[in-house]
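>>> Provide a 3D model corresponding to the input given below.
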Amino acid sequence: MSGQSTQAPPPASYSLDEIQTHPDGVLDECSGRYACPQCKKMVKFFCYHCYRVVGLARERIPTVRLPVQLTVFKHRQENAGKSTAVHAKVIAPSDVEIVTYPDTTLTISDPDRCLLLFPGPDARTLEEIDPKSFDHLLVIDGTWRQARSMAQFVPEFARLRKVTIQPRSTRFWRFQQFDTAHLATIEAIYFFYREYYEAYLASGPTPLPYAGQYDDLLFYYKYFYNMIQGHYRNNPKRSFSSRHKAGYIEYKSQSETEMMSEASLLTKASEK
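Numbers count the residues shown, from 1 in each chain. As a prediction, the model looks like this:
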């Protein structure tokens, strides 16, 4: 779920190739599932319940420190294994907390200093907010319907100021029921911190141009995206989800594109 404005201009496209994450070839060494050292469940890459790295030493995975503490309020029905918000907790463990709704009561120590990343007519951009007025960010993790329901019925949200980010098209591989401006949760988190840097640090009295400080928030996301792209590019006769937007798989040649189109037509015909 993104925090983009519903009254914003058309979303801009972005490329994950421009995101300078830590070299992710190390993840190729995780060829199977491993027991989580804490809960003992068999998982791959990381445990989405305990947020522990598996299959690799933790120091081989990048760590990010965030300038503002993050709480992710995750809907109970949001599949933990599919939640991209978990990436933030794994990569920035000291600065991220994940709370499950409605199993856990949300506790915000100082609502006046907490922002809610959520679109709406009363949501403001970071340029409109004093950086000294907040030190906590809350992000909702769930489908768009779940997020709207939580925003409406969780009483603690009523006191929070809403913040929004610039509209961008998602690179998410899962089917989006709404338009492409609805970012995956980790995308929304990343772009909030990217815009935080650009609003408060890159344009101050001693400007410090952004140099990828938060790019590793997309470490797993970029790896999974490239893995899916590579799988379908290497198997052009396989059809990607017929419900996804056309052209999501970025084929390298015209012949691959034609194969993909033919496979997609066959898939749709078989669904009738």
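
>>> is it true that residue 97 lies in a strand?
Yes. Per DSSP: H, G, I helix; E, B strand; the rest coil, residue 97 lies within a strand segment.

>>> I figured it hits residue 73, correct?
No. Between residue 97 and residue 73 there is no contact under Cβ atoms under 8 Å: 9.5 Å. C-beta: built from backbone N, CA, C; applies to glycine.

>>> neighbour count winner among the two?
Neighbours per residue (other Cβ atoms under 10 Å) separate residue 97 from residue 73, with residue 73 holding more: 24 against 13.

>>> The more buried one against residue 101, yeah?
Yes. Counting by Cβ under 8 Å, residue 73 touches residue 101, with 5.5 Å between them.

>>> OK, contacts around residue 114?
Contacts for residue 114 (Cβ atoms under 8 Å, 6 or more residues apart in numbering) come out as 108, 134, 136-138, 160-161.

>>> Skipping adjacent residues, who's closest to it in space?
Closest residue to residue 114 apart from its sequence neighbours, by Cβ to Cβ, 6 or more residues apart in numbering: residue 136 at 4.1 Å.

>>> for that neighbour, phi and psi?
For residue 136, the backbone dihedrals (degrees, to the nearest 10) come out as phi -150, psi 140.

>>> right, and it touches residue 107 too?
No. Between residue 136 and residue 107 no contact is recorded; they are 11.5 Å apart, counting by Cβ under 8 Å.

>>> Between those two, which is the more surrounded one?
The neighbour comparison of residue 136 against residue 107 (other Cβ under 10 Å) goes to residue 136, with 18 against 8.

>>> can you map out the helices along the stretch 151-272 of the chain?
Secondary structure of the stretch 151-272 of the chain, counting by DSSP state H, counting those that start in this stretch: helices at 185-200, 219-234, 254-271.

>>> rank those helices by pLDDT, which is bottom?
Lowest mean pLDDT within the helices of the stretch 151-272 of the chain: helix 254-271, at a mean of 45.

>>> for this structure, which spans come out with low pLDDT?
Residues of the chain meeting the criterion pLDDT under 70: 1-9, 174-180, 239-249, 252-272.

>>> what residues go with each domain of it?
Listed by automatic domain parsing, the domain ranges of the chain are 16-22+63-225, 24-61, 236-271.

>>> With adjacent residues omitted, what lies nearest to the most centrally placed residue in the chain?
In the chain, the centroid-proximal residue (Cα atoms, centre = their mean) is residue 186; its distance is 1.5 Å. Using Cβ to Cβ, 6+ apart and skipping residues adjacent in sequence, the residue nearest residue 186 is residue 84, 3.8 Å away.

>>> residues contacting the one you found?
Listed by Cβ under 8 Å, 6+ apart, the contact set of residue 84 reads 172, 184-187, 220-221.

>>> Which of those residues ranks first by neighbour count?
residue 185 leads the contacts of residue 84 on contacts (other Cβ under 10 Å) with 27 neighbours.

>>> out of everything not next to it in sequence, what's closest to it?
residue 85 (4.3 Å).

>>> what about that neighbour, neighbour count?
Neighbour tally, residue 85, other Cβ under 10 Å: 25.

>>> Could you measure from it over to residue 189?
7 Å (Cβ to Cβ, to the nearest Å).
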